[in-house]
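[1] Sequence plus the predicted model coming up.
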Amino acid sequence: MSLLTNLAKVQEKIPTGVKLIAVSKTKPIESILALYEANQKVFGENKVQELVDKYEALPKDIEWHLIGHLQTNKVKYIAPFVACIHAVDSLKLLIEINKQAIKNNRVIDCLLQVFIAEEETKFGLSIEELQALLESKEFIEMQNVRIIGLMGMATNTLDEEKIREEFRTLENDFQIIKSHYFKFNEEFQELSMGMSGDFELAIAEGSTMVRVGSLIFGERS
């Protein structure tokens, strides 16, 4: 099955208003370029060094999203160009993103990661930690980060009802956070949830961004 056929199949299932982030981690430049030439311009990487290398090698109108866990000491490498950082899971990380954004004279879009799964390996803030972050003096004074929504990962399970329930929880958290903290802020509108195995469920539960890799590029070896 060709990349372009795979891409078209995934696109058919994604309604207008939902952004497809093609997850290109570990995939070669040539594959990304083939999709780019088919007008897929949004890509997600989860490792900073790989993202930097690909940014340097590929067309500059690609919209790069960092979707993996980000360490504070790596922010400076992607701050000049990254379009959106998905997995912001601490105030400390947000402070560093703001600092590096100032240095690059940019405002960087970020999503706050909420912990919704049962697996301990997943990162994210609880709703209480999220509220504490948004009420902190440090956050309120930040000028160079723009919180555009929330992000979360469901439990890795075949139980569709469980996945739906977790996505519903995140959508509910999104509505609470929006009404309390971003009521008059039109930029806070994104809900990044759903990957290759569950993106259709995520869309049904209100996702506005889906992160799809293996269904487009094929399974990772």
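    Okay, I see it.
[2] Against which helices or strands is the longest helix along the chain packed?
    For the chain, the helix with the greatest residue count under DSSP state H is helix 160-181. Judged by 3 or more CB pairs under 8 Å, 6 or more residues apart in numbering; DSSP states H and E, the packing partners of helix 160-181 are helix 127-135, strand 145-151, strand 190-195, helix 199-204. All C-beta atoms are positioned from the backbone trio N, CA, C, and that covers glycine.
[3] Nearest to V23, out of the ones you listed?
    Smallest distance to V23 across the helices and strands packed on helix 160-181 (CB to CB): 7.6 Å, for strand 190-195.
[4] hmm, who's touching that closest one?
    19, 21, 23, 67, 86, 111, 148-154, 167, 170-171, 174, 200-203, 205-213 (CB atoms under 8 Å, 6 or more residues apart in numbering).
[5] Quick check on those: which are buried?
    19, 21, 23, 67, 86, 111, 148-154, 167, 170-171, 174, 201-203, 205-213 (16 or more other CB atoms under 10 Å).
[6] just to revisit the earlier point, what's the mean pLDDT across the longest helix of the chain?
    Rounded to a whole number, the mean pLDDT of helix 160-181 is 97.
[7] Just the CA trace of it, in CSV.
    Only the C-alpha atoms of helix 160-181 are listed here, as CSV (Å, rounded to 0.1, in the frame of the first residue of the first chain):
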residue,chain,number,x,y,z
GLU,A,160,-13.4,1.0,23.1
GLU,A,161,-15.8,2.0,25.9
LYS,A,162,-12.9,2.7,28.2
ILE,A,163,-11.1,4.8,25.5
ARG,A,164,-14.3,6.7,24.9
GLU,A,165,-14.8,7.4,28.6
GLU,A,166,-11.2,8.8,28.9
PHE,A,167,-11.7,11.0,25.8
ARG,A,168,-15.0,12.2,27.3
THR,A,169,-13.3,13.0,30.6
LEU,A,170,-10.7,15.1,28.7
GLU,A,171,-13.4,16.9,26.6
ASN,A,172,-15.2,17.7,29.9
ASP,A,173,-12.0,19.0,31.4
PHE,A,174,-11.5,21.1,28.3
GLN,A,175,-15.0,22.7,28.7
ILE,A,176,-14.4,23.4,32.5
ILE,A,177,-10.9,25.0,31.8
LYS,A,178,-12.3,27.0,28.9
SER,A,179,-15.2,28.4,30.9
HIS,A,180,-13.1,29.2,34.0
TYR,A,181,-9.9,30.5,32.5
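[8] which other residues reach that helix?
    Identification of contacts with helix 160-181 by CB under 8 Å, 6+ apart yields 114, 116-117, 127, 130-131, 134, 149-150, 152, 154-155, 157, 188, 191, 193-194, 198, 201-202, 204-207.
[9] what helix or strand is the residue most central in space within the chain on?
    By CA atoms, centre = their mean, the chain has its centre lying nearest to H86, at 3.4 Å. Under the criterion of DSSP states H and E, H86 resides in strand 84-88.
[10] Buried residues, that strand. List them.
    For strand 84-88, the neighbour count (16+ other CB under 10 Å) marks C84, I85, H86, A87, V88 as buried.
[11] low pLDDT regions in this structure?
    Low-confidence segments of the chain, defined by pLDDT under 70: 1, 120-122, 220-221.
[12] if you set the cut-off to 80 instead, what comes out?
    1, 119-122, 219-221 (pLDDT under 80).
[13] Correct me if wrong, but E96 is in a helix.
    Yes. Counting by DSSP: H, G, I helix; E, B strand; the rest coil, E96 is found in a helix.
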